[in-house]
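Participant: Okay, sequence plus prediction incoming.
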Amino acid sequence: MIIYFIIFSFLFLMSLFDFVVRKDQLYNYIYIGFAIFIFFIAAFRGMGNDYDGYREIFDSIQDIDFISIFDPSQVYVEPGFAILNFIIGYFLPYQTILIIMAAANISILFPFFRKYSPYPYATLLFFAGMFMYSGMMGLIRQALAISICLWAMAESDKRRFWWLVLLATTFHYSAILVIIARFIKDKFYTLKTYLVILGIAITSNLLFYGIFKLMVAFLPQVISWKLQIYLGTEEGIHFGFNAAVAIRLFTFSLAYLYRDKIIEYFPKHGPLFVNLYFLAIVIYTGFGFLPQMAARGAVYFHYMELLVVPIILYCASNLNRTWIFTLYTLFSLWRHIEMVTTYADAYVPYKNILFS
């Protein structure tokens, strides 16, 4: 358990320096060093959420021929991940999959944070509590898809957007939702527009379940199969107004209040990132009748919180920056504590094959 709080403490201290130090060469070396440290934590772990599940997938793919890995009745994972397992399985052990996925995730995601966040360590502090362990040490397929899609969303007007989203879908089909980002404006909408969209999402949450259940049958087989499982196991379970929604609405409200300064300091990406973050609220709320889809669909845009909050901190006065940073640091600490208590079976004790 101690390893998680060592990471939290380091990121907290570096976040404080983030507000005052220059982002020079030494800063980059320390940042790269931390990325390498997290790589060893994630790549050589002997535990984690879905650890055994991915081992079963790895073993099962070795028992079929190459063509069969594209048959959704035999392999219920996306083709990019299936091909990786098939090739690695001929030469190397299962742990190699975790090493490759960790390397890919970190080498794509950490440079993104370094480029687009005004305070990269603050971003990593919030990331650690929310997504680092569940993604790097759990949902590794979707985590990689998200890392790729973040680059696509930041430059959604470029042609490579489509290639990046296509690549991401080969690791997790849910990445197709990121196409919505293509139609999001890079300027703030009116408050009335945001409220109307949110109202539509709430209506969907309350009324759309029956229609969605009928539509699932017409989707591609592998997607339909997964959604049918969610429908079967989550029937009657709804995401409504909970702590997650409250935090997101609060964060969005702060960003809207600081919209003039965000436009001034971050004219190219600031409003876009806030609008993409708002999509997380809409999807999470709109598909609340199917919690797995709500969470897995919204998470692509929820990652924007890791940029929106540092942008707010950059725009805030010194006094406001203090209480906002303190609040989100407490959120991160709370999420750390939740991970090692609520999800302790997956993450505690931490095991690493290099030291076993």
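Facilitator: Structure received.

Participant: Please identify the helix or strand for the residue lying farthest from the centre of the chain.
Facilitator: Here the centre of the chain is the reference, and by CA atoms, centre = their mean the most remote residue is residue 65, at 32.7 Å. Secondary structure from DSSP states H and E places residue 65 outside every helix and strand.

Participant: The nearest residue to residue 62 once chain neighbours are set aside and residue 152, how far apart?
Facilitator: Using CB to CB, 6 or more residues apart in numbering and skipping residues adjacent in sequence, the residue nearest residue 62 is residue 89, 4.4 Å away. C-beta coordinates here come from the backbone N, C-alpha and C atoms, glycine included. Going from residue 89 to residue 152 by CB to CB, to the nearest Å gives 30 Å.

Participant: if we can go back for a sec, only the buried residues of the helix or strand containing the residue nearest to residue 62, if you could.
Facilitator: Counting by DSSP H and E, the element that carries residue 89 is helix 79-91. Within helix 79-91, the residues that qualify as buried are 79-82, 84-86, 88-89, counting by 16 or more other CB atoms under 10 Å.

Participant: what does it contact?
Facilitator: Contacting residues not belonging to helix 79-91 are listed as 57-58, 61-62, 66, 69-70, 75, 77, 96-97, 100, 141, 167, 170-171 [CB atoms under 8 Å, 6 or more residues apart in numbering].

Participant: From residue 109, how far out is residue 206?
Facilitator: With distances taken as CB to CB, residue 206 is found 35 Å from residue 109.

Participant: Comparing these two, which shows the higher neighbour count?
Facilitator: Set residue 206 next to residue 109 and count neighbours by other CB atoms under 10 Å: residue 109 wins out with 27 against 12.

Participant: nearest residue to residue 293 other than its sequence neighbours?
Facilitator: Leaving aside its sequence neighbours, residue 293 sits nearest to residue 287 (CB to CB, 6+ apart; 5.0 Å).

Participant: For the one you found, list the residues it contacts.
Facilitator: For residue 287, the contacting residues are 204-205, 212, 293-294, 297-298, by CB under 8 Å, 6+ apart.

Participant: Point out the least confident member of these, please.
Facilitator: Within the contacts of residue 287, the minimum per-residue pLDDT falls on residue 212 (61).

Participant: what sits against residue 306?
Facilitator: 113, 117, 123, 126-127, 130-131.

Participant: And residue 3, by the same measure?
Facilitator: Residues touching residue 3, when contacts are defined by CB under 8 Å, 6+ apart, comprise 41, 350.

Participant: where does it land in three-state SS?
Facilitator: Remark: residue 3 carries the secondary structure label helix [criterion: DSSP: H, G, I helix; E, B strand; the rest coil].

Participant: Same check on residue 263?
Facilitator: helix.

Participant: residues near it, how many?
Facilitator: Based on other CB under 10 Å, the number of other residues close to residue 263 is 14.

Participant: oh, and call the first residue 25 from now on, that's how I've got it
Facilitator: Okay, using 25 as the starting number, the last item reads as residue 287.

Participant: Walking through the stretch 275-380 of the chain, point out its helices one by one.
Facilitator: If you assign secondary structure with DSSP state H, counting those that start in this stretch, the helices in the stretch 275-380 of the chain sit at 283-289, 294-310, 315-326, 329-339, 342-363, 368-371.

Participant: Dump the third one to PDB, restricted to CA.
Facilitator: Backbone C-alpha positions of helix 315-326 (Å, rounded to 0.1, in the frame of the first residue of the first chain) are rendered in PDB as follows:
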ATOM      1  CA  PRO A 315     -23.500   2.300 -16.000                       C
ATOM      2  CA  GLN A 316     -20.700   0.500 -17.800                       C
ATOM      3  CA  MET A 317     -21.500   2.300 -21.100                       C
ATOM      4  CA  ALA A 318     -21.900   5.600 -19.200                       C
ATOM      5  CA  ALA A 319     -18.500   5.300 -17.500                       C
ATOM      6  CA  ARG A 320     -16.500   3.800 -20.400                       C
ATOM      7  CA  GLY A 321     -18.000   6.200 -22.900                       C
ATOM      8  CA  ALA A 322     -17.600   9.300 -20.800                       C
ATOM      9  CA  VAL A 323     -14.000   8.500 -19.700                       C
ATOM     10  CA  TYR A 324     -12.500   9.600 -23.100                       C
ATOM     11  CA  PHE A 325     -13.700  13.100 -22.300                       C
ATOM     12  CA  HIS A 326     -13.400  12.900 -18.500                       C
END
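
Participant: how far off helix 294-310 does it point, in degrees?
Facilitator: 170 degrees (axes from the mean of the first three to the mean of the last three CA atoms, to 10 degrees).

Participant: Quick one: distance of helix 315-326 to the chain centre.
Facilitator: Relative to the chain's own centre, helix 315-326 is displaced by 9 Å; criterion: CA atoms, centre = their mean, to the nearest Å.

Participant: packing partners for that helix?
Facilitator: helix 164-178, helix 245-257, helix 294-310 (3 or more CB pairs under 8 Å, 6 or more residues apart in numbering; DSSP states H and E).

Participant: How is this protein divided into domains?
Facilitator: Each structural domain of the chain that the record assigns through automatic domain parsing is listed here as a residue range: 25-162+361-380, 208-339.

Participant: shaky segments in the protein?
Facilitator: Applying pLDDT under 70 to the chain flags residues 96-97, 232-265, 313, 315, 380.
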